[in-house]
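A.B. asks: sequence plus the predicted model coming up.
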Amino acid sequence: VSSDLTPLLSSAARGRIVRPSDPPTPVTFDFDAGWPAPEAFPIDDFKRLAPAVLADPTALGYRSVRHDSSSGLTTYHSRDFPGRQEMSFGYTGLREQVARWISGREGVQGLTADNVILTSGATQAIALAAAAFIDPGEGALVEALTYTYAFKSLELRGADVRRVALDEHGLVIESLEERLHELRAAGVRPKLLYTIPSFHLPTGTVLPLERRKQLLALADEWDLVVVEDAMYSHFHYDGDPVPPSLFNLDTSGRVLQTHSFSKIIAPGLRIGWICGPPDVIGALAGVREDLGVSQWLARVVAEFMAEGRLDPLIEAANGIYRGKRDIAGAALREHAGELVRFTIPHGGFYLWVALHEDVDWQRAELEAAELGVAVRSADAFRQEGSSRHFRLGFGHSSETELREGIRLLGTALAASVRTPL
Ligand SMILES: Cc1ncc(COP(=O)(O)O)c(C=O)c1O
């Protein structure tokens, strides 16, 4: 059936239609994606826990209720167990586990379930923050290269989004200050800064402590909401310790931290969260337009955490990623060393690779596609201007795929040199 409803689309939907876009050639070496390692998925634990939580049949309901089989009566909520609120905030048992886990990992005392709302991945967490704080025409700030969906959420809310320069240490504070003044000069109220300070996507940088403090001082001065995306902060392989999170350093309750189980357990769960002051969490629940995350999966994850399995899983995964990073880095040096420039990141899932100026990137992408290799071009991260970088995700590929795919990528790059080197 075909119809043409496009003239009826909202202004937000017009021009944003997502069309099936799989490339015509098969992709065997998918370094385009930022997925975690499937071999780290805790399949056996989930096989055990997914049916186990069904011992309470309300696990397949919208929310917790208490059924008394002897009387045949159901209690929908009471003083000591939640009911309706779970459809806004998510399963309370998992919110409690997350609050405890963040308290331990981030060194932030006193967090409770009230500080956490569960979301469909960190992506929805960011979207809720945008919905709760941005009115059309207000100012938002993001790093010059950033997570596409964060940019999109802000744009969809009508924000005037400005990009803050990055260098090899992450967000440049002077640039942030300049953008703030620019917004003010344009009569725009700067409201929200979205940032990925630890193992930044896509560049892999870690914002030093001093800059974190300067960022927070500016946020205080300009009365900004800071949305800290902590997605990769626990994937740390070597090098200096990662400085405390913005959420940890914040003393004025203006930092909201988004995170999710997508990379630390598995992306198919689609469970993330945002952590912040309880009144803000309530405001996020207020702008939510769905009925929360899966009760069943939230209970499975809560049990998984209650058994103390999350930290050992992350530690084991770090070993896997460290190995893959080293293989990917060595292969890229061996097969394309003269055509690219990159540093080995101390964490995260990506190599951020600058191209030699003689490489014709458009051609190289096509050549690579012909060989079944995909990487992600810088413009996917909202870079302005032409793409002279690409991101190579090493997280989910096997060691064999990394070695062979990067060898083929080297072939594609060599075939795309404009003038012989
Ligand atoms: C920086 C960053 N934030 C958020 C997300 C979204 O993750 P989720 O699957 O939890 O929505 C990603 C996914 O790649 C990411 O790289």
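C.D. replies: Structure received. Numbering: from 1, shown residues only.

A.B. asks: from Leu5, how far off is the closest residue to the ligand within the stretch 1-150 of the chain?
C.D. replies: Of all residues in the stretch 1-150 of the chain, Gly121 sits closest to the ligand, with a separation of 2.4 Å (C-beta to the nearest ligand atom). Just so you know, the C-beta spots here come from the backbone N, C-alpha and C atoms, and that holds for glycine as well. As judged by C-beta to C-beta, to the nearest Å, Gly121 and Leu5 stand 28 Å apart.

A.B. asks: quick one, which of the two is more surrounded?
C.D. replies: Each of Gly121 and Leu5 has its neighbours counted (other C-beta atoms under 10 Å); Gly121 has more, 22 against 7.

A.B. asks: which non-adjacent residue is nearest that one?
C.D. replies: Using C-beta to C-beta, 6 or more residues apart in numbering and skipping residues adjacent in sequence, the residue nearest Gly121 is Gly272, 4.3 Å away.

A.B. asks: can you check the pLDDT for that neighbour?
C.D. replies: Reading off the confidence values, Gly272 has pLDDT 98.

A.B. asks: next: Gly337.
C.D. replies: 89.

A.B. asks: what is the burial count for it?
C.D. replies: Neighbour tally, Gly337, other C-beta under 10 Å: 11.

A.B. asks: now do Asp279
C.D. replies: By other C-beta under 10 Å, neighbour count at Asp279 equals 9.

A.B. asks: kindly report the same for Arg84.
C.D. replies: Arg84 has 11 neighbours, counted by other C-beta under 10 Å.

A.B. asks: gap between the residue nearest to Gly121 and Phe261?
C.D. replies: Computed as C-beta to C-beta, the Gly272 to Phe261 distance reads 7 Å.

A.B. asks: so for the two, which sits in the more crowded spot?
C.D. replies: Ranked by neighbour count (other C-beta under 10 Å), Gly272 and Phe261 place Phe261 first, with 26 against 23.

A.B. asks: so who does the spatially closest residue to Leu246 that is not a sequence neighbour touch?
C.D. replies: Leaving out its chain neighbours, the residue that sits closest to Leu246 by C-beta to C-beta, 6+ apart is Glu228, at 4.4 Å. Taking C-beta atoms under 8 Å, 6 or more residues apart in numbering, we find Glu228 in contact with Thr195, Ile196, Pro197, Ser245, Leu246, Phe247, Val255, Leu256, Gln257, Thr258.

A.B. asks: which stretches of the stretch 301-421 of the chain have low pLDDT?
C.D. replies: Low-confidence segments of the stretch 301-421 of the chain (pLDDT under 70): 383-386, 420-421.

A.B. asks: could you redo the last one with a cut-off of 80?
C.D. replies: Low-confidence segments of the stretch 301-421 of the chain (pLDDT under 80): 382-387, 419-421.

A.B. asks: ok, the chain next?
C.D. replies: Looking at the chain by pLDDT under 80, you get 1-3, 19-25, 79-83, 382-387, 419-421.

A.B. asks: residues of it that sit close to the ligand?
C.D. replies: Contact residues, the chain versus the ligand (C-beta under 6 Å from any ligand atom): 34, 121-123, 147, 196, 201, 229, 231, 260, 262, 267, 272.

A.B. asks: scan those and report the most crowded one.
C.D. replies: Highest neighbour count within the residues of the chain next to the ligand, by other C-beta under 10 Å: Ile196, with 28 neighbours.

A.B. asks: quick check: that one touching Leu145?
C.D. replies: No: using C-beta atoms under 8 Å, Ile196 is not in contact with Leu145; the gap is 9.6 Å.

A.B. asks: show me what the helix ranked longest in the chain is packed up against.
C.D. replies: Assignment by DSSP state H gives helix 310-336 as the longest helix of the chain. Using 3 or more C-beta pairs under 8 Å, 6 or more residues apart in numbering; DSSP states H and E, the elements in contact with helix 310-336 are helix 261-264, strand 350-355, helix 399-414.

A.B. asks: can you put these in CSV and add distance to Ala283?
C.D. replies: Shown next, in CSV, are the helices and strands packed on helix 310-336 (distance: least, C-beta to C-beta, whole Å):
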stretch, distance to Ala283
helix 261-264, 23
strand 350-355, 33
helix 399-414, 44
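
A.B. asks: and His259, that one's in a helix?
C.D. replies: No: counting by DSSP: H, G, I helix; E, B strand; the rest coil, His259 is not found in a helix; it is strand.

A.B. asks: quick check: the farthest pair among the residues of the chain next to the ligand?
C.D. replies: Ile196 and Pro267 (17.1 Å; C-beta to C-beta).

A.B. asks: and the residue of the stretch 301-421 of the chain closest to the ligand?
C.D. replies: Closest point on the stretch 301-421 of the chain to the ligand, by C-beta to the nearest ligand atom, is Phe349, at 8.0 Å.

A.B. asks: what's the neighbour count on that residue?
C.D. replies: 27.

A.B. asks: ok, it touching Phe235?
C.D. replies: Yes: at 6.9 Å, Phe349 counts as touching Phe235 under the criterion of C-beta under 8 Å.

A.B. asks: between the two, what contacts are shared?
C.D. replies: The contact sets of Phe349 and Phe235 overlap at Lys263, Tyr321 (C-beta under 8 Å, 6+ apart).

A.B. asks: where along the chain do the helices fall?
C.D. replies: Under DSSP H, the chain gives helices at 43-52, 86-89, 92-106, 121-133, 148-156, 173-185, 209-222, 246-249, 261-264, 278-287, 295-306, 310-336, 361-370, 399-414.

A.B. asks: give me the contacts around the first one.
C.D. replies: It stands for helix 43-52. With C-beta under 8 Å, 6+ apart as the criterion, helix 43-52 contacts Trp296, Val300, Glu303, Phe304, Glu307, Arg309.

A.B. asks: can you rerun that using 6 Å?
C.D. replies: The contact list for helix 43-52, computed with C-beta atoms under 6 Å, 6 or more residues apart in numbering, reads Val300, Glu303, Phe304.

A.B. asks: mind listing what the second one touches?
C.D. replies: In this structure, Glu303 makes contact with Leu49, judged by C-beta under 6 Å, 6+ apart.

A.B. asks: switch the cut-off to 7 Å
C.D. replies: Contacts for Glu303 were tallied using C-beta atoms under 7 Å, 6 or more residues apart in numbering; they are Leu49, Val53.
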